[in-house]
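**Student:** here's my sequence, what's the structure:
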Amino acid sequence: MPPLSHRLSELDSRSLERLLKRDPLLILPAGALEAHGPHLPLGADLLQAEATAGALAERLDALVAPGLPYGVCPGTRRFPGSVSRSLESLSREVREILGEFHRQGFRRALVLSGHGDLGHMSALREGARQAVEEHPGLAVAVLCDYEFVYELRGTLSPPDDGHGGLLETSRVLALAPGQVGTERPRATSRHPRSRVAPLDPAEWPESVQGDTAPASAELGRTIQAHVLDRLVLIVKEALPPAGGA
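**Tutor:** Numbering: from 1, shown residues only. Alright, predicted model coming up:
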């Protein structure tokens with residue numbers, strides 16, 4: 001018999017029933033549909049989260065749920081293709097989904113976001129918090145993979161590299177090279193982070209932060225290896241299986 005898939009959507013009902021006896025970790029990827037410059041796909045955030053979730057599942061024998069494709073992304077709303085939802089709707093969706101997975105028998109869940117907007121992450125954490133309060137015995141961790149990607153700023157990239165920049169372009173080149181265009185933009189946002197106001201096109205002419213010219217799949221693979229190593233350590237500590245095995 002071939003090994004069972006780690007992707008929940010590819011399993012049949014009875015196979016899942018058997019797997020639940022092992023107390024598997026559930027990984028719920030989350031992303032956003034938003035502009036990432038003229039070279040990266042609108043779905044880059046979910047693409048990265050789902051690829052990372054799949055690789056993490058292989059290492060931790062976890063199961064991966066279908067990802068959440070829409071997120072909170074007010075900073076890129078003026079660019080074509082960016083769809084930003086409310087914090088309340090995202091939080092409610094996460095709470096309800098985690099509650100349903102708990103009803104099915106899952107006791108450990110990781111919400112893994114490929115999109116790091118502060119409001120987006122707050123909504124994910126609030127939804128997870130409510131789910132944990134409503135369902136005793138449910139343990140949830142909420143992480144953004146870019147918490148670990150950006151640990152490499154100042155070493156593998158300039159310190160100000162960011163959205164759609166060198167690190168992200170390299171990572172998508174490693175994970176899905178066929179979805180990366182040939183342009184290599186260079187842009188810098190001059191919008192003060194402390195100012196609450198819509199972005200002025202003169203302050204951020206392109207939805208990119210950094211110089212993407214040096215991007216490479218080789219660099220992307222180095223970044224991805226770092227992300228996975230960090231995630232494995234944190235998840236093993238935060239969400240150990242029953243009995244601590």
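
**Student:** what sits up against stretch 222-239?
**Tutor:** For stretch 222-239, contacts defined as CB atoms under 8 Å, 6 or more residues apart in numbering pick out 25, 52, 55-56, 59-60, 108-110, 112, 139, 141, 143, 145, 148-149, 151-152, 156, 167, 170-171, 174-175. For every residue, glycine as well, the C-beta is placed using N, CA and C.

**Student:** again, but for stretch 114-128
**Tutor:** Residues contacting stretch 114-128 (CB under 8 Å, 6+ apart): 29-32, 34, 44-50, 52, 71-75, 87-88, 90-95, 98, 109, 111, 113, 140, 142, 144-147.

**Student:** those helices in the chain, which residues are they?
**Tutor:** Secondary structure of the chain (DSSP state H): helices located at 13-19, 44-60, 87-104, 118-134, 146-149, 166-175, 217-238.

**Student:** please state the offset of the last one from the chain centre?
**Tutor:** The chain centroid and the centroid of helix 217-238 are separated by 13 Å under CA atoms, centre = their mean, to the nearest Å.

**Student:** mean confidence (pLDDT) on stretch 74-93, please.
**Tutor:** Here stretch 74-93 scores 96 as its mean pLDDT.

**Student:** show me which of the contacts of stretch 222-239 are buried.
**Tutor:** Buried residues within the contacts of stretch 222-239, counting neighbours by 16 or more other CB atoms under 10 Å: 25, 52, 55-56, 60, 108-110, 112, 139, 141, 143, 145, 148-149, 152, 156, 167, 170-171, 174-175.

**Student:** for this structure, give me the ranges with low pLDDT.
**Tutor:** By pLDDT under 70, the low-scoring segments of the chain are 1-3, 191-198, 243-245.

**Student:** list the contacts of residue 9.
**Tutor:** 65, 66.

**Student:** residue 35: how many residues sit nearby?
**Tutor:** For residue 35, the neighbour count with other CB atoms under 10 Å is 23.

**Student:** measure residue 13 to residue 158 for me?
**Tutor:** As judged by CB to CB, to the nearest Å, residue 13 and residue 158 stand 50 Å apart.

**Student:** now residue 239
**Tutor:** Look at residue 239 and residue 158: by CB to CB, they are 34 Å apart.

**Student:** likewise for residue 5?
**Tutor:** 40 Å.

**Student:** report how many residues lie close to residue 242.
**Tutor:** When neighbours are counted by other CB under 10 Å, residue 242 registers 9.

**Student:** what sits closest to it if chain neighbours are left out?
**Tutor:** What sits nearest to residue 242 in space, not counting adjacent residues and going by CB to CB, 6 or more residues apart in numbering, is residue 23, at 4.6 Å.

**Student:** OK, contacts around that neighbour?
**Tutor:** Residue 23 neighbours (CB under 8 Å, 6+ apart): 107, 108, 241, 242.

**Student:** hmm, the second one is touching residue 137, no?
**Tutor:** To tie it back to what came earlier, the one meant is residue 108. No - using CB atoms under 8 Å, residue 108 is not in contact with residue 137, being 9.9 Å away.

**Student:** dump the residue contacts of residue 165.
**Tutor:** For residue 165, counting by CB under 8 Å, 6+ apart, the contacting residues are 157, 208, 209, 210, 211, 212.

**Student:** circling back: name the nearest of the contacts of residue 23 relative to residue 189.
**Tutor:** Set against residue 189, the nearest of these by CB to CB is residue 108 (37.7 Å).

**Student:** great, nothing more from me.
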